[in-house]
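[1] please find the sequence and the predicted model below.
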Amino acid sequence: MDIYLVGGAVRDQLLGRPVVDRDWVVVGATPEEMLSAGYKAVGKDFPVFLHGDTKEEYALARTERKTGRGYHGFAFHADPGVTVEQDLERRDLTINAIAQHEDGRLVDPFGGVADIASRTLRHVSAAFIEDPVRLLRVARFAARYAPLGFRVADETMALMRRMVDDGEIDHLVPERVWAETRKALAEPAPSVFLRVLRESGALRVLFPEVDALYGVPQRPEFHPEVDTGIHIELVLDAAARLAPGDALVGWCALTHDLGKALTPADVLPRHIMHEQRGIEPVRAISARLKVPFEYASMAELVCKHHLNAHMAFELKPTTILRLLDALGALRRPERLETFLLACMADKQGRLGSEDAPYPQADFLRDCRKAAAAITSQPFVDQGLHGPAIGEAMKKAQAQAIAAVPRNRSL
């Protein structure tokens, strides 16, 4: 048997990036031979094995054939006669279709090394259109490698548009859309994910609430970029700078202004009450994509309360306390941090404001700390019972917040 390192490990090695996961393809072996060599079978749809020591995945070389619509519409064929070139041909992008033999030589039948050099994301074959997940993967890789200068090849973008026009993308299951989106939000340039999806036409199909923001004007004195869709792109990249790899902050950044698409035309470019209008579309997109509860709940809170964060110095102590309670921040300070990072990204996600200070964050952190220091014991010692204790604590917490200094430079 011949064993090859494949996929992302070879790609990132050639790019000089850290190799996180190592996947292997085995040519010329049967499942029985793999088991006899000490590998453990784990694949359900096709033969995949775990190495006994490293626990890395070793898959038998295979081909695939389209049998139906969507991600699951494939039949796989694996036997000792399948070559490494045939296995690579079923992969999505040329940069992911390079194999390295155990002796170090590269197998590169589709020009992946040249595309790495030219910083091009290009499909391997016309079979690219058979799997709609690939459209999302290309957008995600574009978001990952945009800082290195990568772009989607024109012919690949044309195939992606065809996948949208032919309705292949309509067969994506919510779980796969969310899985790829979550990964994309953790990339260094998540705005590119949106731009690639929009250029292909997929954004209006998969994320109509976000697509609707493009072309919606905002007041230029607050948003020099004017276009709300461009603002969201800037906020996403600001979130990636402030909280690298944090998809939760990224999801909140993506959805915080969905209400602006619902602003009545006669009041534009003002967006009064957009935070309240945004709650319903945030709930809709979270439900449709089956987003985890923590993501859905935090996105709704950021949508509803981000203006309160911006106006923190003007809020009454009781209003600040209600905000902290809504976030659950007194018991879980990390929820306040997520909220503040998303709000800071909103502030810095505007043309010319990339490095704008956000003293509201430290002020709200100090308010939380002051309120959290209030305990029930003194009120129990005073002889209070039941709801009276809670009322006394709320009053004391508001007083503690009122004592937090507000004279901070904006």
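    Cool, got the structure.
[2] distance of the closest residue to residue 380 other than its chain neighbours relative to residue 407?
    Distance criterion CB to CB, 6 or more residues apart in numbering; nearest residue to residue 380, sequence neighbours excluded, is residue 389 at 6.6 Å. To be clear about C-beta, it is placed using only N, CA and C from the backbone, and glycine gets the same treatment. Going from residue 389 to residue 407 by CB to CB, to the nearest Å gives 33 Å.
[3] now the helices: where do they sit in the stretch 51-200 of the chain?
    Along the stretch 51-200 of the chain, the segments classed as helices by DSSP state H, counting those that start in this stretch run 84-89, 112-118, 133-145, 154-165, 174-185, 190-200.
[4] just put the ones you listed in JSON lines and tack on mean pLDDT, distance to residue 403 and mean neighbour count.
    Listed next are the helices of the stretch 51-200 of the chain as JSON lines, based on pLDDT from 0 to 100; distance: least, CB to CB, whole Å; neighbours: other CB atoms under 10 Å:
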{"stretch": "helix 84-89", "mean pLDDT": "93", "distance to residue 403": "66", "mean neighbour count": "19"}
{"stretch": "helix 112-118", "mean pLDDT": "98", "distance to residue 403": "58", "mean neighbour count": "17"}
{"stretch": "helix 133-145", "mean pLDDT": "97", "distance to residue 403": "44", "mean neighbour count": "24"}
{"stretch": "helix 154-165", "mean pLDDT": "97", "distance to residue 403": "57", "mean neighbour count": "16"}
{"stretch": "helix 174-185", "mean pLDDT": "97", "distance to residue 403": "38", "mean neighbour count": "19"}
{"stretch": "helix 190-200", "mean pLDDT": "98", "distance to residue 403": "40", "mean neighbour count": "24"}
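[5] turn those into TSV, columns for distance to residue 15.
    Formatted as TSV, the helices of the stretch 51-200 of the chain follow (distance: least, CB to CB, whole Å):
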stretch	distance to residue 15
helix 84-89	18
helix 112-118	6
helix 133-145	8
helix 154-165	19
helix 174-185	18
helix 190-200	17
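[6] show me how far stretch 306-324 is from its chain's centre.
    28 Å (CA atoms, centre = their mean, to the nearest Å).
[7] what's the mean pLDDT across that stretch?
    For stretch 306-324, mean pLDDT rounds to 97.
[8] what's the answer for stretch 244-258, then?
    98.
[9] residues touching it, excluding its own?
    Outside of stretch 244-258, the residues within contact range by CB atoms under 8 Å, 6 or more residues apart in numbering are 182-183, 185-186, 188, 190, 209-210, 213, 228, 231-232, 235-236, 238-240, 242-243, 274, 278, 281-282, 285-286, 291, 294-295, 298-299, 302-303, 306, 338-339, 341-342, 345-346, 349.
[10] the residues you listed in strands, which ones?
    Assigned to strands by DSSP state E, none of those qualify.
[11] ChimeraX command to pick out the buried ones of the residues you listed?
    If you want just the buried ones from the contacts of stretch 244-258 in ChimeraX, going by 16 or more other CB atoms under 10 Å, the selection is:
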select :182,183,185,186,188,190,209,210,213,228,231,232,235,236,238,239,240,242,243,274,278,281,282,285,286,291,295,298,299,302,303,306,338,339,341,342,345,346,349
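[12] now do the contacts for the most centrally placed residue in the chain.
    A centroid search over the chain (CA atoms, centre = their mean) returns residue 185, at 2.2 Å, as the residue closest to the centre. Residues in contact with residue 185 (CB under 8 Å, 6+ apart) are 193, 236, 247, 250, 251, 254.
[13] isn't the second one right next to residue 195, touching?
    No: counting by CB atoms under 8 Å, residue 236 sits too far from residue 195 to count as a contact (10.3 Å).
[14] quick one, phi psi at residue 2?
    Per-residue torsions, residue 2: phi -110, psi 140 (degrees, to the nearest 10).
[15] how about it, nearest residue that isn't a chain neighbour?
    Leaving out its chain neighbours, the residue that sits closest to residue 2 by CB to CB, 6+ apart is residue 27, at 4.5 Å.
[16] burial count for that neighbour?
    For residue 27, the neighbour count with other CB atoms under 10 Å is 20.
[17] so it versus residue 37, what's the distance?
    Going from residue 27 to residue 37 by CB to CB gives 14 Å.
[18] before we move on, what about residue 105?
    Distance of residue 105 to residue 37, given as CB to CB: 23 Å.
[19] of those two, which one has the most company?
    Using other CB under 10 Å as the criterion, residue 105 and residue 37 rank with residue 37 on top: 14 against 10.
[20] go through the helices of the stretch 51-200 of the chain and name the closest to residue 329.
    helix 174-185 (22.5 Å; CB to CB).
[21] picking that back up, ok, the residue nearest to residue 380 touching residue 381?
    No: assessed by CB under 8 Å, residue 389 is found out of contact with residue 381, at 10.7 Å.
[22] which one's more surrounded, these two?
    residue 389 (16 against 8).
[23] report the contact partners of that one.
    Here residue 389 is in contact with 376, 379, 380 (CB under 8 Å, 6+ apart).
[24] filter these to the buried ones?
    By neighbour count, with 16+ other CB under 10 Å, the contacts of residue 389 hold residue 379 as buried.
[25] any chance of the contacts of residue 389 in CSV with secondary structure, pLDDT and distance to residue 270 as columns?
    CSV is the format used below for the contacts of residue 389 (DSSP: H, G, I helix; E, B strand; the rest coil; pLDDT from 0 to 100; distance: CB to CB, whole Å):
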residue, secondary structure, pLDDT, distance to residue 270
376, coil, 86, 44
379, helix, 83, 45
380, helix, 82, 50
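[26] mind putting the contacts of residue 389 into a markdown table with distance to residue 220?
    Formatted as a markdown table, the contacts of residue 389 follow (distance: CB to CB, whole Å):
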| residue | distance to residue 220 |
| --- | --- |
| 376 | 50 |
| 379 | 51 |
| 380 | 55 |
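[27] which stretches of the stretch 201-350 of the chain have low pLDDT?
    Nowhere does the stretch 201-350 of the chain drop to pLDDT under 70.
[28] all helices for it, in order.
    Going by DSSP H, counting those that start in this stretch, the stretch 201-350 of the chain shows helices at 202-206, 208-211, 228-242, 247-255, 274-277, 279-288, 293-310, 317-327, 333-348.
[29] now render the ones you listed as JSON lines, adding distance to residue 145.
    Shown next, in JSON lines, are the helices of the stretch 201-350 of the chain (distance: least, CB to CB, whole Å):
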{"stretch": "helix 202-206", "distance to residue 145": "19"}
{"stretch": "helix 208-211", "distance to residue 145": "22"}
{"stretch": "helix 228-242", "distance to residue 145": "14"}
{"stretch": "helix 247-255", "distance to residue 145": "17"}
{"stretch": "helix 274-277", "distance to residue 145": "34"}
{"stretch": "helix 279-288", "distance to residue 145": "26"}
{"stretch": "helix 293-310", "distance to residue 145": "25"}
{"stretch": "helix 317-327", "distance to residue 145": "35"}
{"stretch": "helix 333-348", "distance to residue 145": "22"}
